[in-house]
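Colleague: Below are the sequence and a predicted model for it; my questions follow.
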4 protein chains.
Amino acid sequence: MSKPREEKYQLILDAATEAFAEYGYFSCQVSKIARLAGVADGTIYLYFKNKEDILVSLFSERMGQFIQRIRHDVILCQTTQERLSTIVQTHLRYMQENRSLAVVTQIEVRQSDPQIREAISGPLREYFQLIEQVLAEGIEKQEIVLSDIKVGRQMFFGTLDAVISDWVISKKPRSLVGVEDTVIDLIRGAFKIKD
Amino acid sequence: MSKPREEKYQLILDAATEAFAEYGYFSCQVSKIARLAGVADGTIYLYFKNKEDILVSLFSERMGQFIQRIRHDVILCQTTQERLSTIVQTHLRYMQENRSLAVVTQIEVRQSDPQIREAISGPLREYFQLIEQVLAEGIEKQEIVLSDIKVGRQMFFGTLDAVISDWVISKKPRSLVGVEDTVIDLIRGAFKIKD
Amino acid sequence: MSKPREEKYQLILDAATEAFAEYGYFSCQVSKIARLAGVADGTIYLYFKNKEDILVSLFSERMGQFIQRIRHDVILCQTTQERLSTIVQTHLRYMQENRSLAVVTQIEVRQSDPQIREAISGPLREYFQLIEQVLAEGIEKQEIVLSDIKVGRQMFFGTLDAVISDWVISKKPRSLVGVEDTVIDLIRGAFKIKD
Amino acid sequence: MSKPREEKYQLILDAATEAFAEYGYFSCQVSKIARLAGVADGTIYLYFKNKEDILVSLFSERMGQFIQRIRHDVILCQTTQERLSTIVQTHLRYMQENRSLAVVTQIEVRQSDPQIREAISGPLREYFQLIEQVLAEGIEKQEIVLSDIKVGRQMFFGTLDAVISDWVISKKPRSLVGVEDTVIDLIRGAFKIKD
DNA sequence: TATGAATGAGGTTTCATTCAT
DNA sequence: GATGAATGAAACCTCATTCAT
């Protein structure tokens, strides 16, 4: 009995991801999500408290999954350089495979509505902490040079974010995978990682 | 005769910047802007076609000013390193002095409502081109090492963007000026600029 | 399942007829129609695209019904004189029984807002064609004398229209049925119909 | 000092006639009239109490002039037949020469807004009375046969009204003068005027 | 007298949410 | 659980009218 419930929950979340990506959170009506999910408008409210709850759930579900994947890949690495390269690769590839999620992330990370931003900040903060941990460990082991961990993370995340932002906006994007090496190279230079 | 017209135009734009920054574009009613500007609701529409036009005008006006300032500062520089450092400094200081503009910029650049994004993209693209010009010249003069100009610009802008984004979201932000040196240092490393 | 939908559609159309008749199209707010129909404002928009669509639908629905009735009555007639008399009678009686429709018809047929007029013209043109057909047949069979069919129709319709217009405007109107004979008599004279 | 006042008053009335004819009373903004008249919006209110007053003034001024012209032409006639023919001719020709007035008349005669209708009814009633006088005299002198004066007037006016209505709506209208003879012929038949 | 920028009441329409079926 | 018709609050925008210049 709980299986179909979970299924429809995910179905709606998938639909919402597509719909938010295409129209933006505010310009996307709940009825559009319902139609895309193949359910009635009212059904949405059996699974979510309100429209905002859809967005927030979408974030913790999908971003949570994303972070878990990255965390899993990072654990297998030996050096800081490997860890950073892995994050770059996994981040870009994951977003490339989940374009709509990438779009939603781009849009909604910066939502100014304080309530929404607060609700969203959880998973993102978790990701930031993961990056900062890697950086801290790198400094400690003298594998990288960095005078301010937070700024280091901002550079690291900001670069990936900007790359994806351009990719998302661009109508004819080149593959994200193609820029991996350049990104990694720039980051290695920034953190003074030796060859 | 045209002075007071221009004055009120700027007054409304200032009010809109504050209001959009506080509530976000969609959650901010036109009446809020009007009240903040000390004018009647209808007066807004003597100066702007509609709500979207306020946002778009805000962008081209204020971002245009911002880019002009950066362009002016960059012209005075001799080396690529100086140019990049100048952009970092001017960018961060300008945003620090215009927090509300920074908020709006951070938020609305990524608005996915396609119409709005299109309208906004102009000034931003201009800024991107400026950065890319500096990078291209740096490569040519062998002052920097960079295999892909676009990715270089993404790293450069993305870093600044992430720094400001954190600063804007943070309730008790440290001064942006304090991170200038770290940012410049990271970028010099990324572009392999010698001391 | 479709019954209640049709019912409410007609309910709103009835309310709109009353409301437009009392206040005129422009001076009548949608909320007035809603209140009269006993539904919420928003409900109106589940059945009609917008305010104008209400008026247009009202016209094609009600006028269509009106024309059908006349067409039905005309078919049973043998002579042109009978046909013309029947149209006069049915027209006047129908309007007398549907005063609000008469008011709306009188008022809105001539709306100069070009968009509205265009939308409304369909059913009216159909009625004009019916009259002109009867006249053409009458001429052919030499039952009437008329040098210009269009002008003949204008006289025929214009007379009925003016009679109803006066009746509608008048606060204490005499019955429309009372003038039937005079109208028929005038028209018989105009078209030189022998006794 | 009173001359230019009168001039501008007429100027605005002319502009209003054009503007009402093109857009209809409700869809025509006061500012449009002002622009057409070449005066400021506020100036309108030095000459007219409000928008409605423009329409009402337009009516009594222009229709008054129209009726006066008809009255003048009718006085010169000897027989009822001449009088009726003269009214038909003058009516059609006047409207043909003043198309915008014709349009406004068509539209606004039927305004359902009770206040407006009341204000307009004056000049129109005067015209109706003139027609009814002619008919009454015709009956008395046994020049025409008519059992109900009011219905007779309705037929007479309604016919002219419908002719003009079609002419006004039609994009490529035939000249109104061309139908004069047919109209007169029909009316002579209706009133049983001998040759 | 003339101006036209400013006003602000009020209208149409949208859409998140509810609830009877 | 599922539906989707109905709700009604609230937003954007228009435009007749005013009034300081």
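Modeller: Okay, I see it. What you are looking at is a predicted structure, and each value in this text was computed from that prediction instead of being measured. Numbering: from 1, shown residues only, chains lettered A, B, ... in the order given.

Colleague: Every contact and neighbour count from this point should use C-alpha atoms.
Modeller: Noted.

Colleague: Would you mind giving the domain segments of chain A?
Modeller: What the record gives for chain A is the domain set A:1-48, A:51-190, from automatic domain parsing.

Colleague: Give me the mean pLDDT for the shortest one.
Modeller: Spelled out, it's domain A:1-48. What domain A:1-48 shows for mean pLDDT is 92.

Colleague: go on, the last one?
Modeller: Summarised as a single mean, pLDDT over domain A:51-190 is 92.

Colleague: So is it next to DNA strand F?
Modeller: No - using Cα under 7 Å from any atom of the strand, we find that domain A:51-190 stays clear of DNA strand F, coming within 13.6 Å at best.

Colleague: and that domain, how far apart are its ends?
Modeller: Using Cα to Cα, to the nearest Å, one end of domain A:51-190 lies 41 Å from the other.

Colleague: Can you report how many residues lie near A:Leu122?
Modeller: No, residue A:122 isn't Leu; it's Gly. Residues lying near A:Gly122 (other Cα atoms under 10 Å in any protein chain shown) number 16.

Colleague: how about it, what does it touch?
Modeller: Listed by Cα atoms under 8 Å, 6 or more residues apart in numbering or on different chains, the contact set of A:Gly122 reads A:Ser60.

Colleague: try it again with 10 Å
Modeller: A:56, A:59-60, A:63-64, A:128 (Cα atoms under 10 Å, 6 or more residues apart in numbering or on different chains).

Colleague: Kindly report the same for A:Glu82.
Modeller: A:74, A:76, A:88.

Colleague: Would you list the buried entries among these?
Modeller: Taking 16 or more other Cα atoms under 10 Å in any protein chain shown as the criterion, what is buried in the contacts of A:Glu82 is A:74, A:88.

Colleague: and of the contacts of A:Glu82, the nearest to chain B?
Modeller: A:Val88 (12.7 Å; Cα to the nearest Cα).

Colleague: Which of the helices or strands spans that closest one?
Modeller: Using DSSP states H and E, A:Val88 maps to helix A:80-97.

Colleague: re the thing from before, for the domains of chain A, which one ends up most surrounded?
Modeller: Mean neighbour count, computed with mean count of other Cα atoms under 10 Å in any protein chain shown, is highest for domain A:51-190 among the domains of chain A, reaching a mean of 19.

Colleague: hmm, that domain touching DNA strand E?
Modeller: Yes - residues of domain A:51-190 contacting DNA strand E under Cα under 7 Å from any atom of the strand: A:51-52.

Colleague: Now do the contacts for the residue nearest to A:Arg69 when sequence neighbours are not counted.
Modeller: Nearest-residue entry for A:Arg69: A:Thr90, 8.0 Å, with adjacent residues in sequence omitted and distances by Cα to Cα, 6 or more residues apart in numbering or on different chains. By Cα under 10 Å, 6+ apart, the residues touching A:Thr90 are A:66-67, A:69-71, A:73-74, A:84, A:96, A:177, A:180.

Colleague: Need the residues you listed in JSON lines (columns: secondary structure).
Modeller: Converted to JSON lines, the contacts of A:Thr90 look like this (DSSP: H, G, I helix; E, B strand; the rest coil):
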{"residue": "A:Phe66", "secondary structure": "helix"}
{"residue": "A:Ile67", "secondary structure": "helix"}
{"residue": "A:Arg69", "secondary structure": "helix"}
{"residue": "A:Ile70", "secondary structure": "helix"}
{"residue": "A:Arg71", "secondary structure": "helix"}
{"residue": "A:Asp73", "secondary structure": "helix"}
{"residue": "A:Val74", "secondary structure": "helix"}
{"residue": "A:Leu84", "secondary structure": "helix"}
{"residue": "A:Gln96", "secondary structure": "helix"}
{"residue": "A:Val177", "secondary structure": "helix"}
{"residue": "A:Glu180", "secondary structure": "helix"}
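
Colleague: so which of these comes closest to B:Glu137?
Modeller: A:Glu180 (23.6 Å; Cα to Cα).

Colleague: wait, what's in contact with the residue of chain A found nearest DNA strand F?
Modeller: Across chain A, the shortest distance to DNA strand F (Cα to the nearest atom of the strand) belongs to A:Gly42, at 3.1 Å. Contact analysis of A:Gly42 by Cα under 10 Å, 6+ apart lists A:30-31, A:34.

Colleague: Can you tell me which of the residues you listed end up in helices?
Modeller: Taking DSSP state H, the ones among these that sit in helices are A:30-31, A:34.

Colleague: and those residues as TSV, adding distance to C:Ala102?
Modeller: Shown next, in TSV, are those (distance: Cα to Cα, whole Å):
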residue	distance to C:Ala102
A:Val30	43
A:Ser31	40
A:Ala34	44
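
Colleague: Identify, from those, the entry nearest to D:Glu137.
Modeller: For the ones in helices among the contacts of A:Gly42, the minimum distance to D:Glu137 (Cα to Cα) is 71.3 Å, reached by A:Ser31.

Colleague: Is it correct that the closest one is in contact with A:Ile12?
Modeller: No - using Cα atoms under 10 Å, A:Ser31 is not in contact with A:Ile12; the gap is 11.3 Å.

Colleague: tilt between the longest helix along chain A and helix A:80-97?
Modeller: Counting by DSSP H, the longest helix found in chain A is helix A:114-140. Inter-element angle recorded for helix A:114-140 and helix A:80-97: 150 degrees (by axes from the mean of the first three to the mean of the last three Cα atoms, to 10 degrees).

Colleague: any idea how far helix A:114-140 is from the chain center?
Modeller: Distance of helix A:114-140 from the chain centroid (Cα atoms, centre = their mean, to the nearest Å) equals 11 Å.

Colleague: after that helix, next one along is what?
Modeller: Counting by DSSP H and E, the next helix or strand C-terminal to helix A:114-140 is helix A:149-169.

Colleague: Do any residues in the next helix or strand after that next one lie close to chain B?
Modeller: Next helix or strand after helix A:149-169 toward the C-terminus (DSSP H and E): helix A:180-190. Yes - remark: helix A:180-190 sits within contact range of chain B at A:180-190, by Cα under 10 Å from any Cα of the partner chain.
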